[in-house]
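**Student:** Predicted model follows, preceded by the sequence.
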Amino acid sequence: MKKIFEKEKLVKKSEDFAKWYQDVILQSGLADYAPVKGCMVFKPQGFAIWENIQKVLDQKFKEKGVKNAYFPLFIPEKFLKREKEHIEGFSPELAVVTIGGGEELKEKLVVRPTSETIIYEMFSKWIKSWRDLPLMLNQWCNVVRWEMRPRLFLRTTEFLWQEGHTVHGTQEENLEMVNWALENYVNVYRDFFAIDGIWGKKSEREKFPGARTTYTFEMLMPDGKALQGCTSHNLGQNFAKVFNLKFLDKDGKEKIPWQTCWGLSTRSIGALIMVHGDDQGLILPPKLAPAQIVIIPIFQGKEDDKNLIKKAEEIKKSLDSFRVEIDLREGHSVGWKFNEWELRGVPLRLELGQKELKEKKATLVRRDTGEKSLAPFSSLAKEVKEALDLIQKNLFLKSSRFMKENTREVSDYDAFKLIMKKEKGFIRAFWCENPDCEAKLKEETKATVRALPFDAEEEKGKCIYCQEPAEKKWVFAQTY
RNA sequence: CGGGGCAUGGUGUAACGGCAGCACGAGUCCUUUGGGAGGAUUUAGUUCCAGUUCAAAUCUGGAUGCCCCGACCA
């Protein structure tokens, strides 16, 4: 009997992190494997999280003046070939359509791995004058990259994302936009995902193929590996030149515009799962949780149950500014329900039994701490709001603390190697910015340069690898 | 693409070359419900192709698929 019970339980996060991650996704109903290798199904639970992320980002984009549009899934292969770095970066992972309508295609079509080329082809038609600028568009879509080793949410052949693309008349405006996009992502990660991280510039080797500079937000996962949360690229004039973007400026001169692009994908959900979850299952931050509160009536006897259900529905109505579910399922014990909702990560549980009815108070249980409290029916909305705010804050503080505790300053290469072998995490160290050091360091420690943090100070030091003079401390980590 | 492993009901697993069993799930009925309830009853399986053998889930060869570790990557 005992054994069966153990079997149903989730593997402990601390014991087998990779298995925990996979199991918690399948068991909590976020997603499932699809019959096509490397592809996944977003089940309603998982898709609802994505919808919440979309809502938040979409609103911020619109406030900035970015408009939504949609471009085709198929891109003529020759478009991708125009920018040399771009095609070199993406060609190993392209899905290509060679047959259409039963006929061999004269011109092969690539399923978009990203949409720069087809969007900029259109931009070149639309932009004539300084009056057409800035042009700021975003699209919500799917993209396909033929990955070798897929993992649910983190790396799938097809994934969902948004890609913003902007064109500006001046370099200053362009820079402002790249920074805005990154800052926006950072704020969303910190305020909504409740995940802290470091943000900064990518190295030449790690930047987007075709970009001038790439900026990023890097988060630390519980196993000490880093996950790139988003990217914001300064494309400079690279793409503008190859796609022939030009405009007539106020001074009557023809000029080449400046461009940015930036994206955030469903991979972010993977971070959400890994960072906050525990041995019980998911823990979703209230701001992104599909259900923020679950009301569980505790049934006892026929007649009394009706009152319970009535009260539960009444409470749900009084909490209409929150996302609330009531669990009226029969045939499952309360214990079973508690465990299930914990697995699904609902931030706050409201228990309602005869005891509560009598005392005119509801029992509130926090998912993050397990803490129980009694809240009078008369002030429920207020208490619930406070509890959800606390949970949101607490999750962020935990994430922030974890990152700080696992960020180390290192000046000695042996120490660097040892850390990357054992506890991993972020390492801040001097780097001479020579790509050879970067490559060798990766070979020997599996760690890559994650970013040059924006707050990195100009200092004098020696490269962690080659001992040559270096000016800045970069952040290193092994990555997903 | 390199290295390793696995393939049995819907899921997880067991069976020396000799009757394919167990648990979970699902269905029906009854009793239950303050931390993963109990009883009765029903349900469905050896990845594919060949070989060895009186006899193959089990041995051999091949195919296919999946998982893990590398390289690649949002």
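**Tutor:** That came through, no problem.

**Student:** Could you count how many residues lie near A:Ser14?
**Tutor:** A:Ser14 is surrounded by 10 other residues when neighbours are defined as other C-beta atoms under 10 Å. (C-beta placed from N, C-alpha, C; glycine too.)

**Student:** My read is that it contacts A:Asp223, right?
**Tutor:** No. Counting by C-beta atoms under 8 Å, A:Ser14 sits too far from A:Asp223 to count as a contact (10.0 Å).

**Student:** wait, what's in contact with the nearest residue to A:Lys442 once chain neighbours are set aside?
**Tutor:** Distances taken as C-beta to C-beta, 6 or more residues apart in numbering put A:Thr448 closest to A:Lys442, at 5.2 Å, once the chain neighbours are dropped. Under the criterion of C-beta atoms under 8 Å, 6 or more residues apart in numbering, the contact partners of A:Thr448 comprise A:206, A:438, A:441-442, A:476-479.

**Student:** what subset of those residues is also close to RNA strand B?
**Tutor:** When the contacts of A:Thr448 are checked against RNA strand B using C-beta under 7 Å from any atom of the strand, the ones in range are A:442, A:479.

**Student:** From the contacts of A:Thr448, pick the one nearest RNA strand B.
**Tutor:** Here the nearest of those to RNA strand B, counting by C-beta to the nearest atom of the strand, is A:Thr479; it sits at 5.9 Å.

**Student:** residue contacts, the nearest residue to that closest one once chain neighbours are set aside?
**Tutor:** Leaving aside its sequence neighbours, A:Thr479 sits nearest to A:Ala226 (C-beta to C-beta, 6+ apart; 4.8 Å). The contact partners of A:Ala226, by C-beta under 8 Å, 6+ apart, come to A:218-220, A:426, A:450, A:477-480.

**Student:** try 10 Å
**Tutor:** The neighbours of A:Ala226, taking C-beta atoms under 10 Å, 6 or more residues apart in numbering as the test, are A:197-198, A:216, A:218-220, A:403, A:424-426, A:447-448, A:450-451, A:475-480.

**Student:** again with A:Phe426
**Tutor:** Residues touching A:Phe426, when contacts are defined by C-beta under 10 Å, 6+ apart, comprise A:197-198, A:218-220, A:224, A:226, A:403-404, A:406-409, A:419, A:447, A:450-451, A:453, A:475-477.

**Student:** Tell me which residues touch the closest residue to RNA strand B within the stretch 251-400 of chain A, please.
**Tutor:** Minimum separation of the stretch 251-400 of chain A from RNA strand B (C-beta to the nearest atom of the strand) falls at A:Gly353, amounting to 1.9 Å. Taking C-beta under 10 Å, 6+ apart, we find A:Gly353 in contact with A:296-300, A:304, A:308, A:334, A:362-363.

**Student:** Now for the most centrally placed residue in chain A: which residues touch it?
**Tutor:** In chain A, the C-alpha closest to the average C-alpha coordinate belongs to A:Ser268, at a distance of 1.7 Å (C-alpha atoms, centre = their mean). A:Ser268 makes contact with A:49-50, A:53, A:57, A:153-154, A:161, A:185, A:188-189, A:192-193, A:195, A:217, A:219, A:227, A:229-230, A:288, according to C-beta under 10 Å, 6+ apart.

**Student:** at 7 Å what do you get?
**Tutor:** Contacts for A:Ser268 were tallied using C-beta atoms under 7 Å, 6 or more residues apart in numbering; they are A:53, A:193, A:229.

**Student:** May I ask which of the residues you listed has the most neighbours?
**Tutor:** Compared across the contacts of A:Ser268, A:Phe193 has the highest neighbour count, 27 neighbours, by other C-beta under 10 Å.

**Student:** tell me the phi and psi of the spatially closest residue to that one that is not a sequence neighbour?
**Tutor:** Once flanking residues are discounted, A:Phe193 sits nearest to A:Leu272: 5.7 Å by C-beta to C-beta, 6+ apart. Torsion angles at A:Leu272 (phi, psi; degrees, to the nearest 10) stand at phi -60, psi -40.

**Student:** For A:Val36, grab the count of nearby residues.
**Tutor:** Count around A:Val36 with other C-beta under 10 Å applied: 9.

**Student:** what residues are up against the residue lying closest to it once chain neighbours are set aside?
**Tutor:** Counting by C-beta to C-beta, 6+ apart, A:Thr157 is the residue found nearest to A:Val36 once chain neighbours are left out, at 7.4 Å. Taking C-beta under 7 Å, 6+ apart as the contact definition, A:Thr157 lies against A:38-39, A:144-147, A:150.

**Student:** residues touching A:Gly101, list them.
**Tutor:** Residues near A:Gly101 by C-beta under 7 Å, 6+ apart: none.
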